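Enquirer: below are the sequence and a predicted model; questions follow.
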Amino acid sequence: MAAHEDEIDRLQKELTYYKRGADELAGENLKLDMTIGGLKHELSQRRQGFALLSKLQQSIGAHKQISSIFEITIRAINSTVAMDRTVLLAPTNVEHCYTPSQWLGFHQEVADRFASLKLRFPPEFAQGTGLLLVTKNSEPTSLIEEIRAAFDLPYFLCLPVMVDSAPIGLLLSGRLKEAKPMYPPLDQGDVDTFQAIAGLISACVQNMRVAVLQETDRLKTEFFANISHEFRTPITLTVGPLEQILVGRYGALPDSIRAQLHVILRNQERLLGLINQILDVAKLEAGRMQLKASPVHDLNRFVEERVLPFRSIAEERGIELKLSLDSRVRGADLFVDREKFDKLLWNLLSNAVKFTKRGQIEVATEIQEHVFSLTVTDTGIGIKQDELPHIFERFRQADESASREYAGTGLGLALVKEVAALHGGQVTVHSQYGAGSSFRVSIPLGKAHLDPASVVEFAEEDLEALRGSPKVVIVDEGAAGEEGVDQHNQEAERTRDRARPTILYAEDNRDLRNHVRDLLAADYNVFLAVDGRDGFEKAKQYRPDLIISDQMMPQMGGRGLLRAIRADPELRATPVIFLTARAGTEARIESLEAGADDYLAKPFDGAELRARIRTLLRARAQERELAELNRTLEQRVQEQVAQLDRLGRLKRFFSPQLAELIVAGGAEDPLKSHRREVTVVFLDLRGFTAFAEISEPEEVMSVLREYHAGMGKLILAAEGTLERFTGDGMMIFFNDPVPVPNPGERAVRMAVAMRDRVGGMAARWRKLGYDLDFGVGIAQGYATIGAIGFEGRWDYGAIGTVTNLAARLCGEAKPGQILIPPRVLGAVEELVEVEPVGALALKGLHRPVDAHNVLRLKE
């Protein structure tokens, strides 16, 4: 029995063990199923992503509009990866703000709101690192909630599409439900897909832009080639007749006209040379410059003939021009295109002559190890080491600054390099800045290295090919252009007409300098300068009324000259006109912002230049007149301020009328003693002495301030002169120092107004316990008036019985009375109602005074 139970127990344990194992196996199977499901999802995502990318690559590659690329992308996203809504957010002119520009999956009423919608994203999106992946578990932010509300899109991702480190848009796409059949919630796999889409769009846009640039460059090259051909006809029809005129076919010419025609011919030939260079480069870029190499058995003779025209120019400049020709060149198996090789040699010689002021130029040929070499060495200015790697680039010049000393297009050496390459050769340069340069062209012997189609199998030993070679035209600029300037300026200084405006013209081109001089000489004193630095020195020497300047000149350019002029206190107001070859709105704006007063592009109309000069000179004259008026006005203002200051100080001690007379100083000294009939008003407060004895000083001061302020306003309104006040007593004059009509009437009217004003004050004072009232005495008569006192403290007073009479009448007046004597009554009898007071015996007066009290003014 026991054995049976043990067996059952053992079996139960085994059963439990197997059940546990089965459960663990089921768990592992579940995990495996989940892993397989995840892998299937990832695989599905990748398949969908690859399918989408493949579809897009095929669809958008041929498009040349960014809007078309995005339109195709949005449709593909919604159809391939089951997005419900997709939006392209385009950048606005407000930093970090974007607005919907294209979308799919929205009802029209929702889309109608997009025109005014602007969303601000963090700076990371403009930098290409921004990313939004919004799922059910995402923490809400203000931007997320704003996007959800704007697009009714709960689950989405958003990332930038970058081109050349700048966003061309933000791609925003999402679903209305967290998961769709066969499509679980958005995750990193979707991010990877959309980043790949953004990269594909970026690459397509970049390729599109490159294609557009290439097409633009092709059209530009074709245009230059066509326009250069078109230029040749009118230039030919200019040069040809000019040459015929100069050789005398149409008769003799005056020397002055012959000189001008030589200027025209020289510059037309220079223009033709520039056009030929542009045309050659255009042919090279278009691949249309074809080599026609033929055997040349004596290239030394070719070189000698080409060097010959440069000898006279070199001799004029004191330059030794040497030839070192290898005799082995004669009879060498050498194939060259004579026309193109001539251009190569011409450019090397032109540069050598242009950049060499003294010393020598050597042209050498050599045969060494089956290679022909042509070397042109000079002792000119040389080339800086950092500029050597770029010296053969098209349109590149060793000195590209506005103050460069030597003119040029930057095409010559590029053409040399291209011609050498067409011959299967190369060009090298060795240079030491300040010491000179050496250019070496190497071409293999024979024809094995040449394309058979470019070889012409005949020898042309004569030099007929040189007849079409460009004429030698060396632009006489820089230091060489100083010839004649000093002589002209000395003559201009000797004949200077001070009644005419003076103009200084800074220009490094001799022909243009002389042309503008002749254009202006009839109306102005014209002085010349060869560059900006010389222009500044000449400006300090001649003090011109106006300066005309080129912009690109040696030593110092036009802007450098302008800065120097504006920094000089004596020259800074001088008007400056830029007369320059830099045309276009941008160049004009730059010049005006730099401080120039006007700007005229070459070629210019002489009448327009003269008109602009007249306008600026007229404006400058008006500025000087205005400045003089301002100086005069400023002086007058300063004088008036000083008078007002003096007046303010005088008013502390004298009446306003007297102070103004003293400051004006136009009439007789008002402080000088004089006799005049005046009306005198004397007034004071009744009971003031008793009040002052029993009251605090602050209370007394408060009463006096209110009383003085009220009386003072009435005195000024009546045009009276406050002669003095002491405590509560005041004495006012009428008719001095400023004469006034009806002084008696003015005095009485003022006194009545004072009584009314003090009546209101007295009522308030009585409420405070102050028993104060008012009395006035008025008298009229002659007095001697003038300054009384001593140096440093003067007073203005009157001596005579009239002042004593007014004071005594005031003393006799009862509260509220205005006492007047018969003389005053006679002057105001029709104005006032009075009551007799009787004869008053007044101190200091020998006879009683018949006084009347003014009751009121008549209606």
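Expert: It's in. Numbers count the residues shown, from 1 in each chain.

Enquirer: helix or strand next in line after the strand or helix carrying Ile547, which one?
Expert: Remark: Ile547 resides in strand 546-549, with elements defined by DSSP states H and E. Counting by DSSP H and E, the element after strand 546-549 in chain order, helix or strand, is helix 558-567.

Enquirer: hmm, who's touching the strand holding Ile547?
Expert: 501-507, 516, 532, 535, 539, 558, 561-562, 565, 574-579, 613, 616-617, 620 (Cβ atoms under 8 Å, 6 or more residues apart in numbering). Every residue, glycine included, has its C-beta placed from N, CA and C.

Enquirer: from the residues you listed, which ones fall inside helices?
Expert: Applying DSSP state H to these, the entries found in helices are Val516, Gly532, Gly535, Ala539, Gly558, Leu561, Leu562, Ile565, Ile613, Leu616, Leu617, Arg620.

Enquirer: so what pLDDT did the last one get?
Expert: The one in question is Arg620. The predicted structure scores Arg620 at 86 on the pLDDT scale.

Enquirer: swap in the fifth one?
Expert: Reading off the per-residue confidence, Gly558 sits at a pLDDT of 89.

Enquirer: so Arg572 versus Trp765, what's the distance?
Expert: To Trp765, Arg572 is 69 Å away according to Cβ to Cβ, to the nearest Å.

Enquirer: in terms of neighbours, single out the busier of the two.
Expert: Trp765 (22 against 11; other Cβ atoms under 10 Å).

Enquirer: wait, doesn't Asp523 sit right on Thr502?
Expert: No. At 11.2 Å, Asp523 does not count as touching Thr502 under the criterion of Cβ atoms under 8 Å.

Enquirer: these two: which is more packed in?
Expert: Between Asp523 and Thr502, counted using other Cβ under 10 Å, the more crowded position is Thr502 (18 against 13).

Enquirer: ok, now which ones touch that one?
Expert: Contacts of Thr502 by Cβ under 8 Å, 6+ apart are Arg496, Tyr524, Asn525, Val526, Phe527, Tyr542, Arg543, Pro544, Asp545, Leu546.

Enquirer: low-confidence regions, the stretch 401-550 of the chain specifically.
Expert: Counting by pLDDT under 70, the stretch 401-550 of the chain has low-confidence residues at 401-410, 457-483.

Enquirer: all strands for it, in order.
Expert: Listed in chain order, the strands found in the stretch 401-550 of the chain under DSSP state E, counting those that start in this stretch are 426-432, 436-444, 502-506, 525-529, 546-549.

Enquirer: quick one: which of the ones you listed is nearest Glu109?
Expert: Nearest to Glu109, of all those, is strand 546-549, at 64.2 Å by Cβ to Cβ.

Enquirer: only whichever of the contacts of Thr502 are buried, select them in ChimeraX.
Expert: In ChimeraX, this line selects whichever of the contacts of Thr502 come out buried by 16 or more other Cβ atoms under 10 Å:
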select :524,525,526,527,542,544,545,546
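
Enquirer: want to throw the contacts of Thr502 into TSV with distance to Gly816?
Expert: Rendered in TSV, the data for those read as follows (distance: Cβ to Cβ, whole Å):
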residue	distance to Gly816
Arg496	87
Tyr524	86
Asn525	86
Val526	90
Phe527	89
Tyr542	85
Arg543	80
Pro544	83
Asp545	79
Leu546	81
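
Enquirer: thinking again about what came up before, the strands of the stretch 401-550 of the chain into a markdown table, with extra columns for distance to Pro836?
Expert: Rendered in a markdown table, the data for the strands of the stretch 401-550 of the chain read as follows (distance: least, Cβ to Cβ, whole Å):
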| stretch | distance to Pro836 |
| --- | --- |
| strand 426-432 | 124 |
| strand 436-444 | 124 |
| strand 502-506 | 89 |
| strand 525-529 | 92 |
| strand 546-549 | 88 |
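
Enquirer: quick one, which of those gets closest to Glu320.
Expert: With Cβ to Cβ as the criterion, Glu320 lies closest to strand 436-444 of the strands of the stretch 401-550 of the chain, at 12.9 Å.

Enquirer: that closest one - contacts with which helices or strands?
Expert: The contact analysis (3 or more Cβ pairs under 8 Å, 6 or more residues apart in numbering; DSSP states H and E) places strand 436-444 against helix 338-354, strand 371-378, helix 412-422, strand 426-432.

Enquirer: quick one, which of these is nearest to Met711?
Expert: helix 338-354 (94.9 Å).

Enquirer: for the record, mean pLDDT for the following helix or strand past that closest one?
Expert: As assigned by DSSP H and E, the chain's next helix or strand after helix 338-354 is strand 359-368. Computed over strand 359-368, the mean pLDDT rounds to 93.

Enquirer: quick one, what contacts the residue nearest the centre of the chain?
Expert: For the chain, the residue whose C-alpha lies nearest the mean C-alpha position (Cα atoms, centre = their mean) is Glu593; its distance is 5.1 Å. With contacts defined as Cβ under 8 Å, 6+ apart, Glu593 is in contact with no residue.

Enquirer: secondary structure element holding it?
Expert: helix 585-594.

Enquirer: show me which residues of stretch 68-87 are buried.
Expert: For stretch 68-87, the buried set under the neighbour-count rule, 16+ other Cβ under 10 Å, comprises 69-74, 76-78, 80-81, 83-87.
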